[in-house]
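Asks: kindly return the folded structure for what I paste below:
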Amino acid sequence: MILGLLKEQGEEQRVALLPEIVSKLVQAKVEVYVEKDAGASAFQTNEAYENVGASILDRTELLKKAEVFVQIGEPSLELIRQLNDKQVWISQYNPLWNTDLVKAFLANGVTSFSMDSIPRTTRAQSMDVLSSMATVAGYKAVLEAANELPNFFPMFMTAAGTIRPATVLILGAGVAGLQAIAIARKLGAQVEAFDVRAAVKEEVNSLGARFVEVEGAIDDSAAGGYAVEQTDEFKKKQQEAINDHAAKADVVICTAQIPGRKAPLLIPTEAVERMRPGAVIIDLAASTGGNCELTRNNETLIHNEVKIIGQSGYPSLMPIDASKMFGKNVFNFLQLLISEEGDLNLNFEDDIVKGTCITHQSEILNERVKSVVES
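Replies: Just a heads-up that it's a prediction; the model follows:
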C-alpha cells in the first residue's frame, strides 16, 4: 500500500500524521509519501519524516503515485477531480453537510472515508477523532474565556477583600463540555452544566459541577450518545431555565451539536441582553450555526457589553498535541485497512470500515449519508 500524507490548506495548522505515526506505518510495510512541508505548521520538518522512512514529494507527484490519501480537513472539489477510482480518500469531511463533496467522490468513483463517521461503539473509541478534537476544544475554550473575562476565575481572599469566583455555564455535556467543566473547575470557577441527556448528570456531578435539570426530556438511550430532537413544550421550559442561568453567569461555553443538523439555538438575543456586562460567550458550535443567536463563525463581536466568540477551530490552535491525537486515531483506523503484507485491504465485513466508508465504486455505503444526499 502506498499512502500519501497531504499538506492541509487554508489556516489549518495540524497535520494528519506526525513522524512517530509514519514510523509505525513504515514498520507495517506501508510505503509513505509526504507532501513537502506538510508538517511545518505543526513544527514537524521534512527531515523528521525522511528519518522515519517516508519520502518527500510535491503535491502533483504525490497525487499521481499514492493509493491512499490522508488529510484532516475536507478536500476541495478541484482536488477530488484529480483522483480516480483506484484511489482512496481518508479525512474528516462532514458528509452530512458537505453533500457536494460526496457527489464529487461518486462522480469520480473514489472510495472515501470520513473520520467523523466512525461508529460510536466501544471498539471504535480509539479511532474517534470527534472525541479527541472535542477534548482539545473544551480545554482551549476555557483558557480563552479566562483570558477574555475581566474577572478572576478562582476566589481570592486578599487584604483588599474577598473576590468571588467566576460562574461558568456549560451548555452540552459531551466530550467538549465535560473537558470544559474539568478545566473550569481546576481554575477555581463555580460551574453549572446543562444537557438534554439526563444520563450525563452523574458525570457532570463527578467533576464538581452542578447539573441544571429540566424535566420532560425525550428518552435518548437509543441515540448512541447523541442528543435527540425534543418537544416544543420541553424546549420552552429548557429555554427559560437556560436564560435564567445565563443571566447569572460570567462565562457561557456552548458545545451542543446534533450531527447533520444545524446547532440548536440555546442563547437567543434576549438572553444575551440579560447577561452581565463583561460576560463572555464561547460558541464551539459556530460552524453549524452556533448555540447563540448572535454567533458568527470565526468572529468575535460585542453585544450589549457581552463578548461573543464564535470559534470551531480550537484544535488547529494546538497543533502538536491535536495532531498527535488525531494521528493516533487515524493509525488505529488504518490498521483495519492494512494486510499483514502491507497491502490495502478494504474489508467491508468489518462494521467500523463499512460505517466509516461514505462512497465506494460510485455508490454511497453510509446509509445516513445516502438518505441525506438522495432526499
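
Asks: skip the chain neighbours and tell me the closest residue to residue 38.
Replies: Among residues not flanking residue 38 along the chain, residue 7 sits closest, at 4.0 Å (CB to CB, 6 or more residues apart in numbering). Where C-beta positions appear, they are placed from N, C-alpha and C, glycine not excepted.

Asks: before we move on, what about residue 94?
Replies: Using CB to CB, 6+ apart, the nearest residue to residue 94 is residue 116, at 5.8 Å.

Asks: do you know how far the one you found is from residue 91?
Replies: Look at residue 116 and residue 91: by CB to CB, to the nearest Å, they are 9 Å apart.

Asks: more crowded one of these two?
Replies: Taking neighbours as other CB atoms under 10 Å, residue 116 and residue 91 compare with residue 91 leading, 23 against 17.

Asks: and that one, backbone torsions?
Replies: Main-chain torsions, residue 91, degrees, to the nearest 10: phi -160, psi -170.

Asks: just the pLDDT for the nearest residue to it once chain neighbours are set aside.
Replies: Spatial nearest neighbour of residue 91, chain neighbours left out: residue 71 (4.3 Å); criterion: CB to CB, 6+ apart. Residue 71 carries a pLDDT value of 98.

Asks: quick check: the residue nearest to residue 38 touching residue 42?
Replies: No. With contact defined as CB atoms under 8 Å, residue 7 does not reach residue 42; the gap is 10.5 Å.

Asks: neighbour count winner among these two?
Replies: Neighbour comparison, residue 7 and residue 42: the larger count goes to residue 42, with 22 against 18 (by other CB under 10 Å).

Asks: count of neighbours near residue 371?
Replies: Residue 371 has 12 neighbours, counted by other CB under 10 Å.

Asks: buried residues in the longest helix along the chain?
Replies: In terms of residue count, the longest helix belonging to the chain (DSSP state H) is helix 129-148. Buried residues in helix 129-148, counted by 16 or more other CB atoms under 10 Å: 129-146, 148.

Asks: residue 211: which element?
Replies: Per DSSP states H and E, residue 211 falls inside strand 210-212.

Asks: who's sitting farthest from the centroid in this protein?
Replies: residue 159 (44.0 Å; CA atoms, centre = their mean).

Asks: that one and residue 151, how far apart?
Replies: Distance of residue 159 to residue 151, given as CB to CB: 19 Å.

Asks: remind me which residues of the stretch 151-300 of the chain are low pLDDT?
Replies: Scanning the stretch 151-300 of the chain for pLDDT under 70 picks out 217-229.

Asks: please enumerate the helices of it.
Replies: Secondary structure of the stretch 151-300 of the chain (DSSP state H, counting those that start in this stretch): helices at 175-186, 201-206, 232-247, 269-272.

Asks: for residue 353, find the nearest of these.
Replies: With CB to CB, the closest approach to residue 353 among the helices of the stretch 151-300 of the chain belongs to helix 175-186: 23.3 Å.

Asks: that closest one packs against which elements?
Replies: Where contact means 3 or more CB pairs under 8 Å, 6 or more residues apart in numbering; DSSP states H and E, helix 175-186 is packed against helix 129-148, strand 167-171, strand 190-194, helix 201-206, strand 251-254.

Asks: pretty sure residue 49 sits in a strand.
Replies: No. Judged by DSSP: H, G, I helix; E, B strand; the rest coil, residue 49 forms no part of a strand; its state is helix.

Asks: enumerate every residue touching it.
Replies: 5, 19, 22, 32, 34, 38-39, 56 (CB atoms under 8 Å, 6 or more residues apart in numbering).

Asks: is the closest residue to it other than its chain neighbours in a bridge, and if so with what?
Replies: In this structure, residue 49 finds its nearest non-sequential neighbour in residue 34, 4.6 Å apart by CB to CB, 6+ apart. Using DSSP bridges, the bridge partners assigned to residue 34 are residue 5, residue 56.

Asks: verify the stated contact: residue 34 with residue 48.
Replies: No. Using CB under 8 Å, residue 34 makes no contact with residue 48, being 9.6 Å away.

Asks: out of the two, which sits in the busier spot?
Replies: Per other CB under 10 Å, whichever of residue 34 and residue 48 has more neighbours is residue 34, with 27 against 17.
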